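Engineer: Provide a 3D model corresponding to the input given below.
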Amino acid sequence: MSQIPQVVLNNGVSIPQLGFGVFQVPPEETQRIVEDALEAGYRHIDTAAAYRNEAGVGAAIAASGIPREELFITTKLRNGDQASAQEAFENSRKALGIDVVDLYLIHWPVPSQGLYTQAWKALEEIHATGQARAIGVSNFLDEHLDAVLADADVVPAVNQFELHPTFQQAPLATKSRSHGIAVEAYSPLGQGADLDAPAVTGLAKDHGATPAQIVLAWHLATGNIVIPKSADSARMRENLAAAAIRLTAADVESINALEAGSRIGADPAVAAFSQL
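Structural biologist: Numbering: from 1, shown residues only. Sure, this is the predicted structure:
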């Protein structure tokens with residue numbers, strides 16, 4: 001198994017830079033798939049209340065026999081629960097079957113609700129009691145970060161947002177890092193759409209790697225925390241092996257040049273789904 005690099009967050013907590021996401025993994029398949037991921041060597045699992053598969057993640061953790069301190073578990077506050085974050089957190093913690101969540105994120109700002117700054121204060125209280133080792137945000141744009149930071153006692157440890165070669169959100173990544181907020185990429189492969197780019201396939205040939213491994217290696221070289229998803233155990237292992245690939249500065253620049261503004265998911269400036 002490749003040695004997975006760690007990122008030290010702004011509060012001193014370490015997170016495996018390459019993790020495993022379970023977005024769109026059906027609840028009935030989650031335990032099996034997460035058990036496969038843990039067996040492959042992943043120690044960082046990213047879920048969310050809105051995915052409705054926290055219980056499956058928890059069952060896999062329990063079945064794995066891996067000491068809890070060797071695992072890093074992230075979950076997220078559902079949009080419709082922003083006014084009741086403490087209760088929502090307790091429900092997630094019970095579903096996961098763990099005493100302490102390693103990273104708890106506000107899933108989306110949903111600015112039309114006007115509740116995300118209130119929710120952040122609730123997360124700060126959760127963090128202060130030791131129930132979450134680190135707290136952060138997801139899908140927060142510049143203006144949402146500014147609003148939180150204006151009254152924050154705790155600077156978010158992470159901002160998780162859509163980031164892949166054709167949608168890099170470089171200004172947002174730079175702003176996040178300027179405040180000591182680690183950048184975490186979801187949809188890191190552009191849901192597969194970025195893997196056919198000639199720059200990627202050419203580097204894959206040069207390095208004797210898969211296109212997915214090249215893109216994941218690019219994320220790691222750029223400093224992004226990254227959470228690819230796969231239901232196939234062989235692909236899980238392939239993705240994990242990206243940690244052993246060393247790209248040159250020129251390699252990284254060739255992928256940087258793929259930026260095309262190609263957002264796949266919802267725009268956080270206007271997204272307003274409740275997730276309930």
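
Engineer: tell me if Gln3 really is in a helix.
Structural biologist: No. Secondary structure of Gln3 (DSSP: H, G, I helix; E, B strand; the rest coil): coil, not part of a helix.

Engineer: ok, now how distant is the closest residue in space to it that isn't next to it in sequence from Pro27?
Structural biologist: Using CB to CB, 6 or more residues apart in numbering and skipping the chain neighbours, the partner closest in space to Gln3 is Ala243 (6.5 Å). The C-beta positions use only the backbone N, C-alpha and C, and glycine is treated the same way. Distance of Ala243 to Pro27, given as CB to CB, to the nearest Å: 29 Å.

Engineer: okay, the two: which has more neighbours?
Structural biologist: It is Ala243, of Ala243 and Pro27, that has more neighbours when counted by other CB atoms under 10 Å, with 20 against 14.

Engineer: show me what contacts the more buried one?
Structural biologist: 2-5, 17-18, 217, 220 (CB atoms under 8 Å, 6 or more residues apart in numbering).

Engineer: go with 7 Å
Structural biologist: Residues near Ala243 by CB atoms under 7 Å, 6 or more residues apart in numbering: 2-5, 18, 220.

Engineer: and of those residues, the nearest to Ala85?
Structural biologist: Ala85 lies nearest to Leu18 out of the contacts of Ala243, by CB to CB, at 28.5 Å.

Engineer: for burial, what's the neighbour tally of the closest residue to that closest one other than its chain neighbours?
Structural biologist: Nearest residue to Leu18, sequence neighbours excluded (CB to CB, 6+ apart): Ile4, at 5.2 Å. If you count neighbours by other CB under 10 Å, Ile4 ends up with 18.

Engineer: please identify the buried residues of stretch 54-63?
Structural biologist: By neighbour count on 16 or more other CB atoms under 10 Å, the buried set for stretch 54-63 is 54-61.

Engineer: any idea how far that stretch is from the chain center?
Structural biologist: 18 Å (CA atoms, centre = their mean, to the nearest Å).

Engineer: quick one: residues in contact with that stretch.
Structural biologist: By CB under 7 Å, 6+ apart, stretch 54-63 touches 22, 27, 30-31, 34-35, 38, 45, 47, 71, 75, 92, 95-98.

Engineer: and which of those residues is nearest to Gly136?
Structural biologist: Thr75 (11.4 Å).
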